[in-house]
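> Here is my input, please return the structure:
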Amino acid sequence: MADTLNPASRSIRMSKIKSKDTKPELRVRLLAHRLGYRYRLHRKSLPGSPDLVFGPRRKVIFVHGCFWHRHYDPDCKLARLPKSRLDFWVPKLEANKARDQRNALELRKLGWDVLVIWECQTRNDDTMERQITQFLDNVS
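So this is what the prediction gives:
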């Protein structure tokens, strides 16, 4: 199947996709703050610039988009592959996934605990609250 947009229109559309302050990230931040946790954002000195950094706890949270970071959950409907240009998209998305794994490994080597919250998981506040509380209150 061919792309329905011409290259210039596709470029404009893709340039509007944000890498931080996304709706899923804002939901996680709001919930964490409401639960009483304080954090810093996008600390560039850490591998992968985690979305939320809980310094004194040595814990970080990444909020990953299911499409861009290849969420491999059979129940996730957001991680589908595009219908066109698979020769471009598959290597790009797999490289994103590999980079995420390298960043998490490097953070763990530096003594940080890592939690990944997927975009599809941000739709259920109760589950997300349990996940965040369990992660942040668990002493490693």
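
> what's the spacing between Pro47 and Leu105?
9 Å (CB to CB, to the nearest Å). Using the backbone N, CA and C atoms, a C-beta is placed for each residue, glycine as well.

> of the two, who's got more company?
Set Pro47 next to Leu105 and count neighbours by other CB atoms under 10 Å: Pro47 wins out with 20 against 12.

> check contacts around the more buried one.
Contacts for Pro47 were tallied using CB atoms under 8 Å, 6 or more residues apart in numbering; they are Arg102, Asn103, Glu106, Leu107, Leu110.

> which SS state does it fall under?
Of the three states, Pro47 takes coil under DSSP: H, G, I helix; E, B strand; the rest coil.

> roughly how far apart are it and Lys92?
Distance from Pro47 to Lys92, by CB to CB: 20 Å.

> before we move on, what about Gly65?
In terms of CB to CB, Gly65 sits 13 Å off from Lys92.
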